[in-house]
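**Student:** Okay, here's the prediction I keep looking at, along with the sequence it came from:
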Amino acid sequence: MSANQTSPSKSSTQQFRLISIVVAGMLGFTSSQSVAFDFKGALKDAVEKEISQQSEGSTAPTNAVSTTESAKSNNSTASSEATFNWKNPSTAEEITLGREIAGNLLGAAPLVKDAALQKYVNSVGRWVASQSERPELPWRFGVIESEDLNAFAAPGGYIMLTKGLYRKLQNEAQLAGVLGHEIAHVVKKHQLKVLQKQQLLNIGAGLLSDKYAKDNAIISKAIGSGAEISARSLDKSAEYEADRLGLSYATRAGYEPYGLTDVLQTLGQSNTSDASVALLFKTHPHPDERLSALSESVGGQLDKMTNGKTLEKRFYLLK
Amino acid sequence: MKHYLKQVLIAGSLIPILYVGMSSAAEKASALKNDSLRTEPYADAKISGSFVRGESLEIIKKQGAWLQVKAKKGSGWVRLLSIKRGVTASSNQAAGVLAVASGRAGTGQVVSTTGVRGLSEQELKAAKFNEEEVKTLESYTLSAEKGRAFAKAGNLNSVAFKNLKEVKGGAQ
């Protein structure tokens, strides 16, 4: 079935590509649009290269000018409000951005008014985050008023999950697994990178000089209207990575490693036409695919991890 | 098309019989990948069979991180991550088609969606920044030490475990 499908679709893309080459060729010398198109492509490549270079560790020596520039912007707290170094945002800038996104999301769905619940989720989350590569962030966690099944992460350590999802959990290990997945998005700066890329493209010449990379446009302009950003999808590969790391963090925290996979099993059984999972299913690979990918990555590595705890007795039950 | 319709009708008439036959004995499951079945719940136990990705299985029992299952080619123990609980995606789709054909579509779904306040894209777009709520959220932030104390209270000890790596191609 799938073999039958691949060959015609392949040839049709080839055909399409051929047509577009011909069209581009015809327009090439007369239209400035095709030139602009090429430029945009080159720009995109360059932006991607820039961002990936920076995120692959601060050890990579960039040029001396950019280092002093970013150091300057890190120090001046007053100017960090007005300017934002999109090329190389500081942790403070990352948190400012995340705060904006989290505030917008909370505008759509406020926190559940249950301080004991919020405290409990912050305790579990903080402990799991301490097993990550960014333990020093001021991690904050919240359960929000929504019967949807979903969880969100915003740059700088803002993490929220819905009451609907919390209700599906049966023990602390499962909560740790879900929070671990979101923590991984923050650690790997998945959302931040998407915003950076988009913003640098908007700025256009952002990569030519740090001076231009520090755009004065306010953050809200970058993240779009309301909490729309929270409804956007990341790369599939980012979701799989967050699953692998989330499971790893929860395991290191001493939990039974199958918390996240338990939750994915539950999600996999929910009806795809159910409104409560519509956004989750739209923005993530299907739970079955995520389980398969995790299963392949794990192999036999969990065979000896038999002392993990589920702590269902301590699990905070919703009122 | 005609042939397909016939199949649906035949399958539809079989369903009640299947339901009776299954009763409540074993939990249905499907294989997430190709794997071997073993005589005991250990990686080095003797192989007693195998199954392929997507195959329907029956879970007999669970022990730690292992499940005893019944497959087409024998039964035995397998790591729980090789298995998805419930029916396969493909048979889910088939069930959907059958439900439509028999006019049973929609029952049971209505209940779960009524009264649900969704976080739709529309609602998210219309959201306004809520400073007070962010401040409340931030007020819950705990220090690393508080996290450690909480872990200790639950007898949680951090253990060595390397970050899982991506496995490409899916071969083991």
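**Tutor:** Received it, and whenever you're ready, just let me know what you need.
**Student:** Nearest residue to residue 147 in space, please, no chain neighbours.
**Tutor:** All of this is about chain A. Taking CB to CB, 6 or more residues apart in numbering or on different chains as the measure, A:E147 lies nearest to A:G164, with 4.2 Å between them; neighbours along the chain are not counted. For every residue, glycine as well, the C-beta is placed using N, CA and C.
**Student:** um, chain B though
**Tutor:** Closest to B:G147 by CB to CB, 6+ apart is A:R126, at 3.5 Å.
**Student:** Off-centre distance for the helix or strand where the one you found lies?
**Tutor:** Under DSSP states H and E, the secondary-structure element containing A:R126 is helix A:115-129. For helix A:115-129, the gap between its own C-alpha mean and the chain's C-alpha mean amounts to 20 Å (CA atoms, centre = their mean, to the nearest Å).
**Student:** That one - contacts with which helices or strands?
**Tutor:** For helix A:115-129, the contact count by 3 or more CB pairs under 8 Å, 6 or more residues apart in numbering or on different chains; DSSP states H and E identifies strand A:140-144, helix A:172-187, helix A:236-252, helix B:144-153 as packing neighbours.
**Student:** what's around the closest residue to B:Q63 other than its chain neighbours, how many residues?
**Tutor:** The shortest distance from B:Q63 to any non-neighbouring residue, by CB to CB, 6+ apart, is to B:P41 (5.1 Å). When neighbours are defined as other CB atoms under 10 Å in any protein chain shown, B:P41 has 19 of them.
**Student:** For chain B, give me the ranges with low pLDDT.
**Tutor:** Regions of chain B meeting the criterion pLDDT under 70 cover residues B:1-25, B:87-118, B:169-172.
**Student:** what about 50?
**Tutor:** Within chain B, the set of residues satisfying pLDDT under 50 comprises B:16-24, B:88-117, B:170-172.
**Student:** Would you map the strands across it?
**Tutor:** Counting by DSSP state E, residue ranges of the strands within chain B are B:27-31, B:35-38, B:47-51, B:56-63, B:66-71, B:74-79, B:83-85.
**Student:** of the ones you listed, which approaches A:D148 most closely?
**Tutor:** Distance to A:D148, taken as CB to CB, is lowest for strand B:83-85 among those, at 22.5 Å.
**Student:** quick one: strands adjacent to that closest one?
**Tutor:** In the sheet containing strand B:83-85, the strands it pairs with under DSSP bridges are strand B:27-31 (antiparallel).
**Student:** Give me the contact list for the partner strand.
**Tutor:** Identification of contacts with strand B:27-31 by CB atoms under 8 Å, 6 or more residues apart in numbering or on different chains yields B:22, B:51-59, B:67, B:69, B:71, B:82-88.
**Student:** Relative to chain B, how far out is A:N202?
**Tutor:** Using CB to the nearest CB, to the nearest Å, A:N202 is found at 19 Å from chain B.
**Student:** Shouldn't that residue be within a helix?
**Tutor:** Yes. Assigned with DSSP: H, G, I helix; E, B strand; the rest coil, A:N202 falls within a helix.
**Student:** what's around it, how many residues?
**Tutor:** Applying other CB under 10 Å, we find 13 residues neighbouring A:N202.
**Student:** residue contacts, it?
**Tutor:** By CB under 8 Å, 6+ apart, A:N202 lies in contact with A:A222.
**Student:** Could you count how many residues lie near A:G300?
**Tutor:** Applying other CB under 10 Å, we find 10 other residues in the vicinity of A:G300.
**Student:** Mind checking what secondary structure it has?
**Tutor:** Secondary structure state of A:G300, per three-state DSSP, is coil.
**Student:** Kindly report the same for the one 3 residues further on.
**Tutor:** Counting by three-state DSSP, the backbone at A:D303 sits in coil.
**Student:** Beta-bridge partners for B:W77, please?
**Tutor:** Taking DSSP bridges, one obtains B:R38, B:Q68 as the residues bridged to B:W77.
**Student:** For it, list the residues it contacts.
**Tutor:** B:L37, B:R38, B:T39, B:E40, B:P41, B:Y42, B:A45, B:Q63, B:W66, B:L67, B:Q68, B:V69.
**Student:** swap in A:S123?
**Tutor:** Taking CB under 8 Å, 6+ apart, we find A:S123 in contact with B:L142, B:K146, B:G147, B:F150.
**Student:** again, only this time at 10 Å
**Tutor:** A:141, A:172, A:314, A:316, B:140, B:142, B:146-147, B:149-151, B:153-154 (CB atoms under 10 Å, 6 or more residues apart in numbering or on different chains).
**Student:** What is the burial count for residue 122?
**Tutor:** No chain in the question, so chain A it is. Counted by other CB under 10 Å, the residues lying close to A:N122 total 26.
**Student:** nope, chain B please
**Tutor:** For B:Q122, the number of neighbouring residues by other CB under 10 Å comes to 12.
**Student:** so it makes contact with A:A278?
**Tutor:** No. Using CB atoms under 10 Å, B:Q122 is not in contact with A:A278; the gap is 11.6 Å.
**Student:** Do a quick rundown of the helices in chain B.
**Tutor:** B:2-22, B:89-101, B:109-113, B:121-126, B:131-139, B:144-153 (DSSP state H).
**Student:** How about residues contacting the fourth one?
**Tutor:** For helix B:121-126, the surrounding residues in contact (CB under 10 Å, 6+ apart) are A:104-105, A:107-109, A:146, A:148, A:152, A:224-232, A:278-279, A:282-283, B:117-118, B:120.
**Student:** now those: which count as buried?
**Tutor:** A:104-105, A:107-109, A:146, A:148, A:152, A:224, A:226-231, A:278-279, A:283, B:117-118 (16 or more other CB atoms under 10 Å in any protein chain shown).
**Student:** Which ones among these map onto helices?
**Tutor:** A:N104, A:L105, A:G107, A:A108, A:A278, A:L279, A:T283.
**Student:** Could you take the residues you listed and lay them out as a markdown table, with extra columns for distance to A:S237 and pLDDT?
**Tutor:** Compiled in a markdown table, these are given as follows (distance: CB to CB, whole Å; pLDDT from 0 to 100):
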| residue | distance to A:S237 | pLDDT |
| --- | --- | --- |
| A:N104 | 26 | 92 |
| A:L105 | 24 | 93 |
| A:G107 | 30 | 93 |
| A:A108 | 27 | 91 |
| A:A278 | 23 | 85 |
| A:L279 | 20 | 88 |
| A:T283 | 14 | 87 |
